[in-house]
Structure formats: structure tokens, C-alpha cells
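**Student:** Okay, here's the prediction I keep looking at, along with the sequence it came from:
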Amino acid sequence: MCGFNGSLCFGAWLRSSWRVWLYLVVFLWSFTGIVFAQAANPESIGDQIRKLTEAMASTQAQLEQSQRQLNEMRKQLNALQQQLGQSQPTQATDSSPSALSSSSTKSPSEPADATPETQDLRDQFAMLASQVAIQEQAKVESESKFPVKVTGLVLLTGFVNTGAVDVAATPTVALPGPGSTGATLRQTELGFDARGPHLFGASSFADLRADFDGVPQSTATANAYSGAYSANVSFLRLRTAHADMQWKHTQAYFSLDRPIISPDSPTSLTAVAEPALAWSGNLWTWNPQIGVTQELPISPARGFQVQAALIDAGDAPLTPISAYASSSPGTAPSSAEQSRWPGVEARVALLGPKLVEQNGNHFGLGGYFAPHRDPAGNVFDSWAGTIDTRLLLPARLEFTANAYRGAALGGLGGGAYKDFAIPSYTDSGAYHFHPLDDVGGWAQLKEKFSERLELNAAFGMDDVFADELRENTNPGSTFLQYLSRNRTYTGNAIYKPSSYLLFSIEYRHLESSPVLSPSAGSNVIGLGTGFKF
């Protein structure tokens, strides 16, 4: 209890707080020295873990000291409140209407109402109240009262395309024609992370991610403005969402995300709206799924992972518009939904030990099957067999690869934008329906020099069987309809001067090969700068 000499306690608190900040500066300086020393002279994983443990222990001690100081501030605040009330006994005993009226109209700064001692108490009271308010400021609150965190990435990307591409800001396919240059903020992301109650012994979690790369709506008139500020443009787009229940070795979930048979994705800061190597061997499309994951430990550092899920696979972008869809007043169901059976997918993987803040090695095998039926009555099956791996190599190298073989994979991000081909016979009016076989995959080599700088090089390819496509394509089809092979070569450097600032430069070469015309290519130079929050 400080009594009326509150300024002495406050001065002691300032001196103590000064020591805390000095300790934090020394800690940060020491930690920075360790990071730079590791970059110049890599140490063993054991030494790194030991140093990180010591740093975490030191930080925990500082946090505990700060908490003790906050508790002491609360005690001082309560004491000052009591002293402030006791310093004005005459005001408390004078209850006449005139006295109450005069006291209510006086300002705390008026000389008749504030002695130097009382004014000092008030100043200390205001200062401590503001400090406590800062420490206990309101956070994001949900209706369920469980913690919610807002996250995001404000991302500006610039691009230079030497040849024509499908989408200038986020190219995946090269087309015949001239190039383009520009910049966009539409790859900016917004997200929410939430924790929920414990149920049946499991922890519950949920998250949602959205961006601003939605498809512009059609304009009402031919000369209507269709730029970024038009009321006819819909920017916000749902990307992914998850709701999980997590036990020690079991996870039950539903989600909107990439298929479980394709668990990895190449690294890029300029390819976010559509992930890197999309339509070039990366099965990335976000589809509704519900599934279970079970881990089977075989040692403290290794184990098996078994996954199974039901999936509602969407249609390929080039699925023909049927008479049913064009005449229906609402949105037509997809060909997978019209089959009235969900798709199924499964994966089993061997997991290696995990390192600090980094996933470990894995080797997985997967399978996928989904029946389809289009409005014209054509029935076909979409299927795939997959293999995936990630290997942590010496010298901070990391190798990641995924490959697949299947058919009708346009709904998962393969098949050169299509599930099937329909050649028509003009003499008889008949047509032939043929699902397209497909093979593809991608591989990436990452060099992580430090937590701030990494280099990535990757190659991906999606290849529809050219003989099938050549036999089942009309001569008047568009470039994408008879596109057989799409390849992408890419390399990038990502620099993180802090945990929340990112800078990147990236080079991509797109090479797209149709079966009835020459191949098209484009070099893509991308620049990205982002701020995470």
C-alpha cells in the first residue's frame, strides 16, 4: 500500500518497467545475434532446439514479471480510489441541495476543490486507469464468447507477361497473342480463426479464408462501366473453410479445401488466387468434403496416417452448358450431384519426425473415385491414383512432389480444364461422348537459407492423352478445348524482413500445347509485396 506518497510507488514502478524494457532489448539483441550466427555457421538441430528453449524460458519469465507488475498496478489503483474518496469528507457530509449543486458544477481543476495532494492522486489515478485499460482492451468477440482471431494478407502483385495468357494477373495457360503488364490487389486475403468448446473429449476449431478475386458479373448494357468500382462487379470470394474436432490421434472435420489426395502445394507469393502450378499438375480446386483422419504412432517420432473423406467434386471449367442448365430458372446441379452419389477419396501416409515449426517427412498414396451423370444422360466416372512425398534434406533443402494418373479430372484442377470431349458428326447429327485420360504432377526444391530468406524452384505438367483428344475434338473447337498439355517452370525468392512483411520476385514460363495448332508460350515476371496481420 503506497499511502499518500503514491508518486514514490509510481516512480519505483517506472524504474522496474525500465529494467523490463532493458531486459527485452538485451533478449532481442541476443536472439538476433543467434539467428545471424546460425545463418553464417549452421549448427546442429539439437543446439538450435536448446537455444530456442532457453529463449522461450527467458521470455516466459519476463511475461510473468509483467503480469506481477500489472497486478501491483491494480492494487495501487484500488488504494488510490480509496484515498481519493477519504480526502473529501466535507463533500460527503454536506448533503444539502445547494451543496450538491455547487459540487456538481465545479471542475476537478478548480483551486477550491483540488488541493495539491488531491490533484496528485487524481493524476496518478488517471494514469493507472489508462494503463489498465490498455492491458485489458476488448478483443474480437463472437456470439459464442469463444476466442476469435482475425487474420489476413494485404497483397500487391505486379506482372509482366511477354505473351498472351488466360488471366493477366494470375496466368496459368499461355495463348496466342501479345503480352500485358499491370498490377492488382485482388489476391488480398481475409481470414477468421476460432476455437470452440470441448466435446466428447475433443477440442473444436474452425477457420475461414476469403479473397477478392471473384468473377465480375455481366453488365446490363454494352457500354456500362465494368471496372473495379462498378456495382456490377462482385469481388469477395470464399476460398477455404474448416471445422474440426481434434482428439489426441483422431480428427473429424468438414471443409471446403483441396482434395486430401493432394496435400501439398508449391510456394509462391504472386500466385495466391490460384495456387502455383494450378492446371499444370497441381490438383488444387476447393470442394466440399467431410472426413476423418487417424494417426497410428509406431514410435515417438514416426507413425502412419490414414485419411478418408466424401467429396462433392465440381464440374470442369469447360463442361458444356446443357439444355437443362440453360432453361432452368435456378443454378443447375453439377454432373457429380446429378449422379446422386458422393465422391470418395482416401490416403495413407508414412510420417517422419517433425522439426521445430516445420512439418516432417512424409510419403503418401491416395485414391479418388466419383460417379458423374450429365443432363443428357451420359454417365462417366472420375478417378485418380496419387503419390506424394516431402523430404527434408541436408543443408536446409526440402524436396516436395505430387503425381497422379486418372481420368476426367477437370473438377479437381487437372485434365486441361475439361472432363470429356464430345465430337459431333454433322452428317448424322450424332455425337460421341469420351472421358479423357490424364497424367500429371509437380515437384519443388526449396532452399531455406534462414527464417527470412528462401528460394524455390518448381516444375509442373498436366497431360491429357493427345491421341484421345485428337480423335474426339471438332476442328472448330477453341484453343482450350483441344489443349492437350500444359507445363509451367517457375522459380522465386521470398524475403521476410519481419514476421509480417513479405517481398518476392518470381519468374514463370508457361508452355501450352494443343493437338490441332502450334504451341503457345509466355514468360511471366511477377513482383509481390505483402503485409500480414
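**Tutor:** Arrived safely.

**Student:** which residues of the stretch 101-250 of the chain score low on pLDDT?
**Tutor:** Confidence mapping of the stretch 101-250 of the chain against pLDDT under 70 gives the ranges 101-121, 123-124, 127-139, 216-233.

**Student:** in it, which spans are strands?
**Tutor:** 148-165, 174-184, 189-195, 203-211, 237-246, 250-257 (DSSP state E, counting those that start in this stretch).

**Student:** the bottom helix or strand of this structure by mean pLDDT?
**Tutor:** helix 97-105 (a mean of 39; mean pLDDT, DSSP states H and E).

**Student:** Looks like residue 260 contacts residue 305 (just checking).
**Tutor:** No - Residue 260 lies out of contact with residue 305 (Cβ atoms under 8 Å); the separation is 10.2 Å. Every residue, glycine included, has its C-beta placed from N, CA and C.

**Student:** Can you tell me the closest non-neighbouring residue to residue 366?
**Tutor:** The shortest distance from residue 366 to any non-neighbouring residue, by Cβ to Cβ, 6 or more residues apart in numbering, is to residue 261 (3.3 Å).

**Student:** That neighbour against residue 383, yeah?
**Tutor:** No - using Cβ under 8 Å, residue 261 is not in contact with residue 383, being 10.8 Å away.

**Student:** ok, these two, which is more surrounded?
**Tutor:** A direct count of neighbours by other Cβ atoms under 10 Å for residue 261 and residue 383 places residue 261 higher, at 26 against 17.

**Student:** Next, that one: secondary structure please.
**Tutor:** Three-state call for residue 261 (DSSP: H, G, I helix; E, B strand; the rest coil): coil.

**Student:** center of this protein, which residue is that?
**Tutor:** Nearest to the geometric centre of the chain sits residue 209, at 6.4 Å (Cα atoms, centre = their mean).

**Student:** I figured that residue hits residue 237, correct?
**Tutor:** No - Residue 209 lies out of contact with residue 237 (Cβ under 8 Å); the separation is 9.9 Å.

**Student:** coming back round to it: overlap in contacts of residue 260 and residue 305?
**Tutor:** Both residue 260 and residue 305 are contacted by residue 347, under the criterion Cβ atoms under 8 Å, 6 or more residues apart in numbering.

**Student:** neighbour count winner among these two?
**Tutor:** Remark: of residue 260 and residue 305, residue 260 carries more neighbours, 22 against 18, as counted by other Cβ under 10 Å.

**Student:** Would you report the backbone torsion angles of that one?
**Tutor:** Main-chain dihedrals, residue 260, degrees, to the nearest 10: phi -70, psi -20.

**Student:** Please identify the helix or strand for residue 404.
**Tutor:** Element membership of residue 404, judged by DSSP states H and E, is strand 397-407.

**Student:** what sits against the residue nearest to the centre of the chain?
**Tutor:** Residue 209 makes contact with 189-191, 238-241, according to Cβ under 8 Å, 6+ apart.

**Student:** run the last query once more with 7 Å
**Tutor:** Residues in contact with residue 209 (Cβ atoms under 7 Å, 6 or more residues apart in numbering) are 189, 191, 239-240.

**Student:** so which of those residues is the most crowded?
**Tutor:** Using other Cβ under 10 Å as the neighbour definition, those reach their maximum at residue 189, which records 20 neighbours.

**Student:** so that residue bridges to which residues?
**Tutor:** Per DSSP bridges, the residues bridged to residue 189 are residue 153, residue 211.

**Student:** wait, it sits on residue 151?
**Tutor:** No - the criterion here is Cβ atoms under 7 Å, and residue 189 misses it with residue 151 at 8.2 Å.

**Student:** Give me the common contacts of these two.
**Tutor:** Common neighbours of residue 189 and residue 151 (Cβ under 7 Å, 6+ apart) do not exist.

**Student:** so residue 377, which of the three states?
**Tutor:** Following three-state DSSP, we place residue 377 in the coil state.

**Student:** Please report the distance of it from residue 343.
**Tutor:** Counting by Cβ to Cβ, to the nearest Å, the separation of residue 377 from residue 343 is 20 Å.

**Student:** neighbour-wise, which of these two wins?
**Tutor:** Set residue 377 next to residue 343 and count neighbours by other Cβ under 10 Å: residue 343 wins out with 24 against 8.

**Student:** beta partners for the more buried one?
**Tutor:** Beta-bridge partners, per DSSP bridges, of residue 343: residue 311.

**Student:** hang on, isn't it packed against residue 309?
**Tutor:** No - with contacts counted by Cβ under 7 Å, residue 343 stays clear of residue 309, the gap being 9.0 Å.

**Student:** Closest one of the contacts of residue 209 to residue 280?
**Tutor:** Closest to residue 280 out of the contacts of residue 209 is residue 239 (19.7 Å), distances taken as Cβ to Cβ.

**Student:** The closest residue to residue 198 other than its chain neighbours - how many residues pack around it?
**Tutor:** In space, and not counting its chain neighbours, residue 198 is closest to residue 204: 7.2 Å by Cβ to Cβ, 6+ apart. If you count neighbours by other Cβ under 10 Å, residue 204 ends up with 17.

**Student:** quick one, what contacts residue 204?
**Tutor:** Taking Cβ under 7 Å, 6+ apart, we find residue 204 in contact with 196-197, 244-245.

**Student:** and the residues you listed, which are buried?
**Tutor:** Those of the contacts of residue 204 that meet the buried threshold are 196, 244-245, by 16 or more other Cβ atoms under 10 Å.

**Student:** how about the helices of the stretch 301-450 of the chain, start to end?
**Tutor:** Along the stretch 301-450 of the chain, the stretches classed as helices by DSSP state H, counting those that start in this stretch are 323-327, 335-338.

**Student:** Pick out the shakiest of these, pLDDT-wise.
**Tutor:** Ranked by mean pLDDT, those end with helix 323-327 at the bottom, a mean of 46.

**Student:** what residues go with each domain of this structure?
**Tutor:** Following automatic domain parsing, one finds the domains of the chain at 6-87+115-135, 148-216+231-532.

**Student:** Was I right to think residue 388 contacts residue 264?
**Tutor:** Yes - Residue 388 is within contact range of residue 264, at 6.0 Å (criterion: Cβ under 7 Å).

**Student:** Looking at these two, which is more packed in?
**Tutor:** Neighbours were counted for residue 388 and for residue 264 using other Cβ under 10 Å; residue 388 has more, 21 against 18.

**Student:** Tell me how far that one lies from residue 261.
**Tutor:** Distance of residue 388 to residue 261, given as Cβ to Cβ: 8 Å.

**Student:** Same question for residue 391.
**Tutor:** From residue 391 to residue 261 the distance is 19 Å (Cβ to Cβ).

**Student:** Residue 372 now?
**Tutor:** Counting by Cβ to Cβ, the gap from residue 372 to residue 261 is 17 Å.

**Student:** residue contacts, residue 496?
**Tutor:** 452, 502.

**Student:** any idea how far it lies from residue 49?
**Tutor:** With distances defined as Cβ to Cβ, the gap from residue 496 to residue 49 amounts to 22 Å.

**Student:** Also residue 413?
**Tutor:** 38 Å.

**Student:** Of the two, which one has the most company?
**Tutor:** In this view residue 413 and residue 49 are compared by other Cβ under 10 Å, and residue 413 has more residues nearby, 29 against 12.

**Student:** From what I see, that one and residue 279 are in contact.
**Tutor:** Yes - counting by Cβ under 7 Å, residue 413 does reach residue 279; the two are 6.3 Å apart.

**Student:** Now do the SS call for residue 507.
**Tutor:** Classification of residue 507 by three-state DSSP places it in strand.

**Student:** In contact with it, which residues?
**Tutor:** Neighbour list for residue 507: 490-491, 525 [criterion: Cβ under 7 Å, 6+ apart].

**Student:** Would you write a PyMOL line that selects the buried entries of those residues?
**Tutor:** Burial among the contacts of residue 507 is assessed by 16+ other Cβ under 10 Å; the matching PyMOL selection reads:
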select buried, resi 490+491
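
**Student:** Thanks a lot, see you next time.
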